[in-house]
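Student: Provide a 3D model corresponding to the input given below.
(2 chains)
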Amino acid sequence: MKVLSQIKIPARLEYLQKSMNLISSCARDQGFNQNKILEIELAAEEALVNIFKYAYKTREGDVEIICGLDNNENFILEISDTGEPFNVLSVADPDITADISERQIGGLGVFLMKKLTESVQYRYEGDKNILSLIVFKDKSNI
Amino acid sequence: MEIAARKEKNVLVVSAKGRIDAVTAPQFENSLFDFISKGENIFLVNLAHLEYISSAGLRSILATAKKLKEKKGEMLFAGLQDPVKEVFKISGFNSIFRIFATDEEALAKIE
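Tutor: Numbering: from 1, shown residues only, chains lettered A, B, ... in the order given. Okay, here's the model as predicted:
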């Protein structure tokens, strides 16, 4: 992977804006249009907020965000933490056909993350949860 | 994120501007709950100037809609722009809410 920019932040909500700034400027530099940049931000927010909320139950910890290009020159965000091992891909998709009373509050974040990117990959390596969000460049989004 | 509200007959027209993300969603939800506690039960939410919404915002909308339903009220939407429209579509919000192009169109349909 070719690293374009990276940042390490404490895993806390008040660092969301700082992370978004790095991610959107990296996506903009890669030529994505405004709508696609917002979709990339959204996928990243969902991944980050999950980590802020659940990764570090008993202690403080960090999140590392790397924005880059993978071996096929696709845009990639690699988001890693050293919290509890957790595969976000194990979360079941929500029922998006249920009516208002039966619709569950929650579960939509991971679903949106998967729908707004071409690929989401998870691996646990060393003591790290590593989540990769991959977005292809095409005529519709640049 | 900024919120403004005005009353059109029995409908509270709420406009949200900017971004509803994990940081601003609680503020959005508190404002809507506040209107409910003041007795409002038909909300037309105009999102013409909302550029971004994440699942935190969708959760606030769903929580508000559930409360309104208990009170025999309704939440409707107008003016969604592309990125927000796409998020509503993916999340299946199109099938649980009535969504209109403009406030006028929505107000004409509300009895």
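
Student: residue contacts, B:Lys66?
Tutor: A:Ile100, A:Ser101, A:Arg103, A:Ile105 (C-beta atoms under 8 Å, 6 or more residues apart in numbering or on different chains). C-beta: built from backbone N, CA, C; applies to glycine.

Student: So the second one sits against B:Lys67, correct?
Tutor: No. Checked against C-beta atoms under 8 Å, the pair A:Ser101 and B:Lys67 is beyond contact range at 11.2 Å.

Student: of those two, who's got more company?
Tutor: B:Lys67 (16 against 10; other C-beta atoms under 10 Å in any protein chain shown).

Student: Touching, that one and B:Ile36? I think so.
Tutor: Yes. Taking contacts as C-beta under 8 Å, B:Lys67 lies within contact range of B:Ile36: 5.7 Å.

Student: Up against chain A, what does chain B have?
Tutor: By C-beta under 8 Å from any C-beta of the partner chain, the residues of chain B that approach chain A are B:21-23, B:51-52, B:54-56, B:58-59, B:62-63, B:65-66, B:69, B:82-83, B:86-87, B:90-92, B:95-96.

Student: Please narrow these to those residing in helices.
Tutor: B:55-56, B:58-59, B:62-63, B:65-66, B:69, B:82-83, B:86-87, B:90, B:95-96 (DSSP state H).

Student: and the residue nearest in space to the middle of chain A, what helix or strand is that in?
Tutor: Centroid check for chain A by C-alpha atoms, centre = their mean gives A:Ala44 as the closest residue, at 3.1 Å. Secondary structure from DSSP states H and E places A:Ala44 in helix A:34-54.

Student: hmm, back to that, ok, of the residues of chain B next to chain A, which come out buried?
Tutor: Among these, those buried by neighbour count (16 or more other C-beta atoms under 10 Å in any protein chain shown) are B:21-23, B:51-52, B:54-56, B:58-59, B:62, B:65, B:83, B:86-87, B:90-92, B:96.

Student: Helix or strand: which one has the residue nearest to the spatial centre of chain B?
Tutor: For chain B, the residue nearest the mean C-alpha position is B:Val45 (3.5 Å; C-alpha atoms, centre = their mean). If you go by DSSP H and E, B:Val45 is part of strand B:42-53.

Student: Neighbouring strands - and their directions - for that strand?
Tutor: When sheet partners are counted by DSSP bridges, strand B:42-53 sits next to strand B:11-20 (parallel), strand B:74-78 (parallel).

Student: quick one: the longest one to chain centroid distance?
Tutor: Same thing as strand B:11-20. Averaging C-alpha positions (C-alpha atoms, centre = their mean, to the nearest Å) puts strand B:11-20 6 Å from its chain's average.

Student: buried sites along it?
Tutor: B:Val11, B:Leu12, B:Val13, B:Val14, B:Ser15, B:Ala16, B:Arg19, B:Ile20.

Student: List just the nearest of those to chain A.
Tutor: Comparing those against chain A with C-beta to the nearest C-beta places B:Arg19 closest, at 9.1 Å.
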